[in-house]
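In: Fold the following and give me the result.
(one chain, ligands or ions: 1)
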Amino acid sequence: MTTANTNTNTETATIAVGGKSLQYPIITGSENEKGIDISKLRADTGCVTLDPGYVNTGACTSAVTFIDGDLGILRYRGIPIDQLAEHSTFTEVSYLLIYGKLPTRAQLDDFNYQLCHHSMIHEDMKRFYDGYPSTAHPMGILSAMVCSMSSYYPEALDPSNRTHLNDTIVRLLAKLPTIAALSHKKSRGQPFVYPDNSLSYSANLLQMFFAVPADKYKLDEDVARVLDLLLILHADHEQNCSTSTVRLVGSSQANLFACIAAGICALWGPLHGGANQEVMTMLELINQDGGNVDKYVAMAKDKKSSFRLMGFGHRVYKNFDPRAKIIKKACDTVLNKLGIRDPLLDIAKKLEERALSDSYFVDHKLYPNVDFYSGIIYKAIGIPNNMFTVMFALGRLPGWIAHWKEMTESGAPKIGRPRQIYTGATLQDYVPIANRT
Ligand code: SDX
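Out: Got it, this is the predicted structure:
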């Protein structure tokens, strides 16, 4: 395994502006990605760059995750996602992302023990749920409860105090499933279910969601396994919107609970993690409309229509999202195992086939992304649509933590503060209200 020495490259880029021609170093990553280091550009030229959506802008160097969008490659700490999906578990992948290497058996056993024995939330936090209506969106509850964790663990408020960092990391990973399950029980008017330390991480999540006092909960190990697989596939994805949010909030030296709460809010958006819920709404709409996928493909291509094929397209993948391939295969396995015939899966497959044979989607390189099939599985195991993005957040949590940890350990990170190009009114005086028209 090689790691980049990003300073060895002597290649430079020439930027000519204002009659000056200036050289800027090009850094090369361990997978030969190249970036022009413009950290001195404004001082040299008085110019800033302008790049809405940061399509061409790298915010940092990172050793956590590598994506090659053209080749459809995704690796966590260098290990291909398909190998982790086949051989690993979510808690092992979380350890890999956060601590940078696969744990030994003793390390993993200790990590799992810690996660089990911190899975209960403070009893006072349960009263917060009394204030929410049963219709509250669980992403709003999740972000509020995570931010509120800072009230119970004040030692975590100072991110420079690393003494308790591992406790905070364990508490977040251990308690978010409990917080998520409580919001599900609240929405169903069912009694809260405590964690069961005898169960694995994903099995515990299922029993907290679906166990009821009136029945002995029957765990389906295959369902626990596929849930664990979905968490692995969502665990990290380099500098996506929500991870960049966590890094930006962390750059102000806010505590980790606040940074994760911010990441949850960024993920909520329908163009990001909220897409998995929107995909199911879209598939249900097409199903109610007689399954006419051609009509919706045409709408997605029509510039006058605001309709988009949710679950299609990606800023980085211009080839198949490797996660979508794995999830699509898991859909068939889970639905067959559970004896479920879901017309939405048939519609999804038909939509994919129709879109990928259409020049608009081929030319725009729009392929199914991680969100296109995941909702089919969540629905099959009984998770309601409005909890789908919460499931995404539970998966992405170790990735957020890994990037926050990498950033806060990379020397004194500068506070993130982008510049702008002002296009508003030039100098003008205040006008007394009596003189305004
Ligand atoms: C996630 O960044 C990550 O890594 C995210 C993620 C992760 O793991 O963190 O992978 C998770 O967020 C996946 C994406 C989930 N979102 C959706 O499925 C929503 C639908 N997809 C899009 O809105 C869009 O594709 C984005 C937001 C995902 C990417 O948007 P970009 O890169 O800003 O591209 P764009 O919106 O500028 O679109 C480029 C062109 C446009 O056409 P033109 O104006 O160039 O002619 O492609 C078209 C768009 O109209 N287009 C689509 C489309 N997505 C893009 N047209 C129809 N249907 C779509 N889904």
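
In: Which element is encountered next along the chain beyond the longest helix anywhere in the chain?
Out: The residue-count maximum for a helix in the chain (DSSP state H) belongs to helix 165-188. Helices and strands here follow DSSP states H and E; after helix 165-188, the next one along the chain is helix 201-210.

In: taking the mean pLDDT, what do you get for that next one?
Out: Mean per-residue pLDDT for helix 201-210: 98.

In: ok, and what's touching that helix?
Out: Applying CB atoms under 8 Å, 6 or more residues apart in numbering, the contact partners of helix 201-210 are 89-91, 112, 115-116, 119, 177-178, 180-182, 184-185, 193-197, 199, 217, 219-221, 223-225, 227-228, 231, 381-383, 394. C-beta here means a position set from N, CA and C on the backbone, and glycine is covered the same way.

In: got it, and stretch 273-282?
Out: 139, 242, 267-268, 270, 296, 309-311, 344, 348, 369-372, 374-376, 378-379, 385-386, 388-389, 391-393, 396.

In: Just the buried ones from the contacts of helix 201-210?
Out: Using 16 or more other CB atoms under 10 Å as the burial test, the contacts of helix 201-210 include 89-91, 112, 115-116, 119, 177-178, 180-182, 184-185, 193, 195, 199, 217, 219-220, 223-225, 227-228, 231, 381, 383, 394 as buried.

In: pLDDT at T163, what is it?
Out: For T163, the predicted pLDDT is 87.

In: wait, E155
Out: Looking at E155, its pLDDT stands at 89.

In: Looks like it contacts N161 (just checking).
Out: Yes: if you go by CB atoms under 8 Å, E155 and N161 touch, sitting 6.9 Å apart.

In: Dig out what R75 forms beta bridges with.
Out: R75 forms beta bridges with F66, P80, as assigned by DSSP bridges.

In: shouldn't it be in contact with T65?
Out: Yes: in this structure, R75 is within contact of T65 by CB under 8 Å, at 6.8 Å.

In: okay, the two: which has more neighbours?
Out: T65 (22 against 18; other CB atoms under 10 Å).

In: Give me the secondary structure label for V48.
Out: For V48, the assignment made with DSSP: H, G, I helix; E, B strand; the rest coil gives coil.

In: Repeat that for the one 10 residues further on.
Out: Secondary structure of G58, reduced to three states by three-state DSSP: coil.

In: ok, it - contacts?
Out: By CB under 8 Å, 6+ apart, G58 lies in contact with G35, Q239.

In: Pull the number of nearby residues for the residue in the stretch 51-200 of the chain positioned nearest to the ligand.
Out: Closest to the ligand within the stretch 51-200 of the chain is G53: 5.7 Å, counting by CB to the nearest ligand atom. Residues contacting G53 under the criterion other CB under 10 Å number 8.

In: go on, D332?
Out: Using other CB under 10 Å, the number of residues around D332 comes to 13.

In: secondary structure element for S374?
Out: Using DSSP H and E, S374 falls in helix 371-380.

In: which secondary structure elements does that helix contact?
Out: Under the contact definition 3 or more CB pairs under 8 Å, 6 or more residues apart in numbering; DSSP states H and E, helix 371-380 sits against helix 221-233, helix 275-288, helix 322-338, helix 343-355, helix 388-408.

In: I'd assumed Y422 was in contact with L50.
Out: No: shown here, L50 and Y422 do not form a contact pair, counting by CB under 8 Å, at 11.5 Å.

In: Tell me the buried residues in stretch 105-115?
Out: In terms of neighbour count (16+ other CB under 10 Å), stretch 105-115 has its buried residues at F111, N112, Q114, L115.

In: any idea how far L219 is from I381?
Out: Remark: distance between L219 and I381 (CB to CB, to the nearest Å) = 12 Å.

In: Next: K34.
Out: Using CB to CB, K34 is found at 43 Å from I381.

In: Check N204 too.
Out: For N204, the distance to I381 equals 14 Å [CB to CB].

In: Which element, helix or strand, includes the residue lying closest to M149 once chain neighbours are set aside?
Out: The shortest distance from M149 to any non-neighbouring residue, by CB to CB, 6 or more residues apart in numbering, is to F257 (4.8 Å). Assigning secondary structure by DSSP H and E places F257 in helix 256-267.

In: Quick one: mean pLDDT over stretch 218-225.
Out: In this model, stretch 218-225 has a mean pLDDT of 95.
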